[in-house]
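>>> fold the following and give me the result.
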Amino acid sequence: MRVHQSIENYDPKEESSVLTIGTFDGVHIGHQKIIQRLNEIKSSSQQRSVILTFYPHPRRVLDHSNDIKMLTTLDEKIQLLEKFGLDDLIIEPFTKEFSRLSALDFVRNILVLKLQLKKLVIGYDHQFGKNREGNFEQLLEFGELYDFNVEKISAQEIESVSVSSTKIRKAIERGDMDTANKYLGYHYLLTGEVVKGQGIGRKINFPTVNLKISEDFKLIPKKGVYIVKAKFRNESCFGIMNIGFRPTVGGKGQTIEVHLLDFSGDLYGSSMQLEVLTRLRDEKKFENIEELKEQISKDESMARNWLSKLDQL
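A predicted model of the protein is given here:
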């Protein structure tokens, strides 16, 4: 998959395209239905399969009072989309100026002239252009005018999976990773850099790595303890993740700490990606360090027992 950082950087090489458009935050199973249809059309034609997406999320640009959190960082979105065998991903920088393009200008000047559009696949509720004035009926009219076809994925097809990015965000906010992962079609990802912590875990024989996520818009699950699969330096192992303020040891800021099972080594400065598998419990404040150690031992036993019943990981 070729990745283009703007429409201007995309060269269709005189090849026509089958295209879909959207923010694709989370690349969830509803999005995957649209991508699946895009690939079906590609396989029966000579057209390039192209996704046009936007960064930052339009709502973060147009509504500064909106503190919406994202399911995927840009790198995570690229990583997820790469798995679908697409030809091209175009990431258009979303600005207020871009948002002022009329529906006609967007279709004629961008989709037709720059992207060589021949077929457009959209969700049933897709809107576009200035003030979201463009809709499916207008696209049909533009298609007749500029010689491209439009296919709409029906509401029944999308709603049959009962999924939306909003629904997934709410599940993650309440720590319901089982529901979130079901709707995503994969395990929720957290990606960051391993940084130095206070070393308290090592002192109590449960060393942890501290994950720093640089993107402040990334949605962090509800405080608590989770089972994760960690990937780093071409290795992977399971672990127990705590998200919270470490009240037992007087923590002052929220941290993401992972106790890796069956691994020892120095990972400072390494990039790490976590797959959040399931949630074990809420964060608790214990009376002393001994109670904390006892609970961590119980968490580890619960995690190993849960993992022993899985064979797909």
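
>>> from here on, contacts and neighbour counts on C-alpha atoms
Will do.

>>> list the neighbouring strands of the helix or strand containing Thr53 plus their orientation.
Thr53 belongs to strand 48-55 when assigned by DSSP states H and E. Note on strand 48-55: by DSSP bridges, its sheet partners are strand 17-21 (parallel), strand 88-93 (parallel).

>>> and of those strands, who's closest to Tyr186?
Closest of the strands paired with strand 48-55 to Tyr186 is strand 88-93, at 20.5 Å (criterion: C-alpha to C-alpha).

>>> what mean pLDDT does the closest one get?
For strand 88-93, mean pLDDT rounds to 96.

>>> would you map the helices across the chain?
29-43, 58-62, 74-81, 96-99, 103-105, 136-146, 155-159, 165-173, 177-184, 200-203, 289-308 (DSSP state H).

>>> for the strand holding Thr53, output the C-alpha coordinates as CSV.
Coordinates of each C-alpha in strand 48-55 appear next as CSV, following Å, rounded to 0.1, in the frame of the first residue of the first chain:
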residue,chain,number,x,y,z
ARG,A,48,-6.7,1.1,-8.2
SER,A,49,-8.3,0.8,-4.8
VAL,A,50,-7.9,4.1,-2.9
ILE,A,51,-8.9,5.4,0.5
LEU,A,52,-9.0,9.1,1.1
THR,A,53,-8.8,10.0,4.8
PHE,A,54,-8.1,13.1,6.8
TYR,A,55,-5.8,14.2,9.6
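
>>> about what we covered before: which stretch in the helices of the chain has the least confidence?
Among those, helix 155-159 carries the lowest mean pLDDT (a mean of 54).

>>> how close does the spatially closest residue to Met241 that is not a sequence neighbour sit to Leu274?
Counting by C-alpha to C-alpha, 6 or more residues apart in numbering, Val258 is the residue found nearest to Met241 once chain neighbours are left out, at 4.2 Å. Counting by C-alpha to C-alpha, to the nearest Å, the gap between Val258 and Leu274 amounts to 9 Å.

>>> higher neighbour count, these two?
Set Val258 next to Leu274 and count neighbours by other C-alpha atoms under 10 Å: Val258 wins out with 27 against 24.

>>> what is the burial count for the closest residue to Met177 other than its chain neighbours?
In this structure, Met177 finds its nearest non-sequential neighbour in Thr278, 5.4 Å apart by C-alpha to C-alpha, 6+ apart. Look at Thr278: counted by other C-alpha under 10 Å, it has 21 neighbours.

>>> shouldn't Thr278 be in contact with Ala180?
No. Using C-alpha atoms under 8 Å, Thr278 makes no contact with Ala180, being 9.8 Å away.

>>> quick revisit: in JSON lines, list the strands paired with strand 48-55 along with mean neighbour count and distance to Tyr146.
Listed next are the strands paired with strand 48-55 as JSON lines, based on neighbours: other C-alpha atoms under 10 Å; distance: least, C-alpha to C-alpha, whole Å:
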{"stretch": "strand 17-21", "mean neighbour count": "24", "distance to Tyr146": "14"}
{"stretch": "strand 88-93", "mean neighbour count": "20", "distance to Tyr146": "21"}
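
>>> out of those, which is closest to Arg48?
Here strand 17-21 is closest among these (C-alpha to C-alpha), at 4.5 Å.

>>> contacting residues around the closest one?
Here strand 17-21 makes contact (C-alpha atoms under 8 Å, 6 or more residues apart in numbering) with 34-35, 38, 41-42, 47-53, 115-122.

>>> any idea how far stretch 255-270 is from the middle of the chain?
How far stretch 255-270 lies from its chain's middle: 23 Å, per C-alpha atoms, centre = their mean, to the nearest Å.

>>> going forward can the numbers begin at 22, since that is how I track them
Right, with 22 as the first residue, what we last looked at is stretch 276-291.

>>> what is the end-to-end distance of that stretch?
Start-to-end span of stretch 276-291 (C-alpha to C-alpha) is 17 Å.

>>> pull the residues that contact that stretch.
214-217, 227-233, 251, 253-254, 258-267.

>>> among the residues you listed, name the buried ones.
Those of these that meet the buried threshold are 214-215, 227-233, 251, 259-267, by 16 or more other C-alpha atoms under 10 Å.

>>> okay, Thr187 and Phe284: tell me how far apart.
Counting by C-alpha to C-alpha - Thr187 and Phe284 are separated by 36 Å.

>>> list the contacts of the residue nearest in space to the middle of the chain.
Closest to where the C-alpha atoms of the chain average out (C-alpha atoms, centre = their mean) is Thr93, at 2.6 Å. Taking C-alpha under 8 Å, 6+ apart, we find Thr93 in contact with 46-47, 210, 239-240.
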